[in-house]
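J.: got a predicted model here, sequence first, then my questions.
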Amino acid sequence: MKLIPLGTFFLFRALEFPELTLENETLVYDPVEVETVGEVVVPFSEIDFTEEDGIFFSEFFPVVREEMITYTSADDKHKYYKDLPDTAHVQELRNAFCGSNVTKTFLEFISKDSDIHAYTNIPTLRQFEELAALLDSVLVQTNYSTVFKLDMREMLLLCLIKLKLNLTFKCLAVMFRISATTTAAYFNFIIDLLYKCMPVPWPPQEIIRRNLPYCFRKKFNNTRVILDCSETSVETPSCASCRIKIYSHYKGGSTVKFLIGIAPNGLIIFISKMYGGRASDSFIVRDCGILEKMEFSDAVMVDKGFLIEEDCNNFAIELIQPPFLRQQQHLKKLEAEKNEMIASARVHVERAFQRIKVYSILKHKLPWELVGRADQILHVVCSLVNLQNPIIDPNTVRYLYHVQVMLSLQ
């Protein structure tokens, strides 16, 4: 019996024609009993495998592996296996008709600094690789032996995309070819790992004063930290007690509230835990312990919403705050000038908050299932903001952050 191309042979075999006419020759084919799994042996060296056969091949036989091609018949009861020789011609057909990019991971599509910045807000690929190497080294030091479906770089990318773009776990599952449950588990794992590996520094007093921007040097040269609060919307819980604690009259909905401390040069140096939206700015300052970290002769800069003058006096800390109008119709000249200078200095804290809100997970409504990890998410986001270019001067103490990271690993 003469050998024929695989595609024709398959149709002939599957449809069980009793005979087939090919090039004016009649090939007699005797149908046999078809078992659940059968083997078809057709040496490639003895047939002409044309481009038309390859197109047929790609349409009817989509499953291609390194050493085996699996053919599936129409009734899904019969499978045919054929070992392919390891030749350049066959490999070329695999790539052409079956797609060489099918197994390409999402991370492999990110090849430029602009790509990684668009998805994660990390400035360069080099910083991303260094961060992944840091997490890998931590797992090695802790003898962590769990086997993951993704490598560390892919899990880190998944986590950073969630922080920056706030895609759903289902969407991320499609991108990384894993289940939504596994995606959520990997996100929580990497967030906890980044939280432990990326501390927020509290620089010494002399380093803060050595790197004061120009707008602080004349009138506010003893400023240690600038404080401000912000809120993030969360899903309304079913628990009535929880709804009362997190309801914010300022936002008119359910929120969590946090305090950020920023050095005069723009570096985030303090992060409070999350509080319910009902908490006032003054209560958060007293409860978070920021005043206990400050030293004698330090000054703290706040806006008018912080009623902490008595607390600052108890710790011998100077309070820099815009003057209140009280019962006056307008501010005096000196008060107006002071108000303008404070506003020009505090603008840097607003720029830092603007960078934080770039991460959509804190910009949009936080799902209730992630509220339990809101502290870790906020901490990681602020740490990632510190990795970006400095807000004011590229020659400031941004290197302190990296020093603190290395010291935390020792």
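T.: Everything's here; your move.

J.: how much space between residue 112 and residue 212?
T.: According to CB to CB, to the nearest Å, residue 112 and residue 212 sit 37 Å apart. No exception for glycine: its C-beta is placed from N, CA and C like everyone else's.

J.: looking at these two, which one has more neighbours?
T.: For residue 112 versus residue 212, the count of surrounding residues by other CB atoms under 10 Å is larger for residue 212: 19 against 10.

J.: residues touching that one, list them.
T.: The contact partners of residue 212, taken as CB atoms under 8 Å, 6 or more residues apart in numbering, are 221, 223, 264, 265.

J.: please apply the same query to residue 272.
T.: Per CB under 8 Å, 6+ apart, neighbours of residue 272: 258, 259, 260, 284, 288, 290.

J.: please redo it, this time with the cut-off set to 10 Å
T.: Listed by CB atoms under 10 Å, 6 or more residues apart in numbering, the contact partners of residue 272 are 227, 229, 257-261, 284-285, 287-290, 375, 378.

J.: give me the buried subset of those residues.
T.: Among the contacts of residue 272, those buried by neighbour count (16 or more other CB atoms under 10 Å) are 227, 229, 257-261, 284-285, 288, 290, 375, 378.

J.: and the gap between the most centrally placed residue in the chain and residue 227?
T.: The chain has residue 160 as the residue nearest its centroid, 1.1 Å off, counting by CA atoms, centre = their mean. Distance of residue 160 to residue 227, computed by CB to CB: 28 Å.

J.: now do stretch 218-228: distance to the chain's middle.
T.: 33 Å (CA atoms, centre = their mean, to the nearest Å).

J.: next, the distance between the ends of that stretch.
T.: End-to-end distance for stretch 218-228, by CA to CA, to the nearest Å: 22 Å.

J.: sticking with residue 186, tell me its helix or strand.
T.: helix 180-197 (DSSP states H and E).

J.: can you name the element that comes right after that helix?
T.: Remark: after helix 180-197, the chain's next helix or strand is helix 205-210, criterion DSSP H and E.

J.: tell me how far that next one lies from the chain's centre.
T.: Helix 205-210 sits 33 Å away from the centroid of its parent chain (CA atoms, centre = their mean).

J.: in it, which residues are buried?
T.: Neighbour-count burial for helix 205-210 [16+ other CB under 10 Å]: 208, 209.

J.: helices or strands up against that helix?
T.: On a contact count with 3 or more CB pairs under 10 Å, 6 or more residues apart in numbering; DSSP states H and E, helix 205-210 meets helix 214-217, strand 223-233.

J.: with mean pLDDT and distance to residue 325 as added columns, please give these in JSON lines.
T.: Below are the helices and strands packed on helix 205-210 laid out as JSON lines (pLDDT from 0 to 100; distance: least, CB to CB, whole Å):
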{"stretch": "helix 214-217", "mean pLDDT": "83", "distance to residue 325": "24"}
{"stretch": "strand 223-233", "mean pLDDT": "93", "distance to residue 325": "21"}
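
J.: right, and these - which one's nearest residue 127?
T.: Closest approach to residue 127 among the helices and strands packed on helix 205-210 is made by strand 223-233 (25.5 Å; CB to CB).

J.: mind listing what's buried in the closest one?
T.: Buried, per 16+ other CB under 10 Å, within strand 223-233: 223, 224, 225, 226, 227, 228, 229, 231, 232, 233.

J.: contacts only, for the third one.
T.: This means residue 225. Shown in contact with residue 225 (CB under 10 Å, 6+ apart): 202-203, 208, 260-264, 269-270, 290-291, 293-294, 298-302, 349.

J.: select only the buried ones of the residues you listed in PyMOL?
T.: Of these, the buried ones go into a single PyMOL selection, burial set by 16+ other CB under 10 Å:
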select buried, resi 202+203+208+260+261+262+263+264+269+270+290+291+294+298+299+300+301+302+349
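
J.: just the contacts of residue 225: which are in strands?
T.: Judged by DSSP state E, strands contain the following of these: 260, 261, 262, 269, 270, 299, 300, 301.

J.: the fourth one against residue 205, yeah?
T.: In other words, residue 269. No. Taking CB atoms under 10 Å as the definition, residue 269 is not a contact partner of residue 205, at 11.6 Å.

J.: overlap in contacts of these two?
T.: Common neighbours of residue 269 and residue 205 (criterion: CB under 10 Å, 6+ apart): residue 224.

J.: any chance you could map the strands in the stretch 251-400 of the chain?
T.: 253-262, 268-271, 275-276, 299-301, 318-320 (DSSP state E, counting those that start in this stretch).

J.: so which of the ones you listed is nearest residue 178?
T.: strand 253-262 (29.1 Å).

J.: tell me the strands beside that closest one, with direction?
T.: Strand pairing for strand 253-262, using DSSP bridges, gives strand 223-233 (antiparallel), strand 247-248 (antiparallel), strand 268-271 (antiparallel), strand 275-276 (antiparallel).

J.: so what's the residue lying closest to residue 251 once chain neighbours are set aside bridging to?
T.: Once flanking residues are discounted, residue 251 sits nearest to residue 231: 5.6 Å by CB to CB, 6 or more residues apart in numbering. Counting by DSSP bridges, residue 231 forms beta bridges with residue 257.

J.: I'd say residue 231 and residue 258 touch.
T.: Yes. Residue 231 is in contact with residue 258 according to CB under 10 Å; the separation is 7.9 Å.

J.: just the pLDDT at residue 404, thanks.
T.: Residue 404 carries a pLDDT value of 44.

J.: scratch that, residue 85
T.: On pLDDT, residue 85 comes in at 51.

J.: same thing with residue 249?
T.: pLDDT, read off for residue 249, is 89.

J.: cool, residue 18 as well?
T.: Residue 18 carries a pLDDT value of 43.
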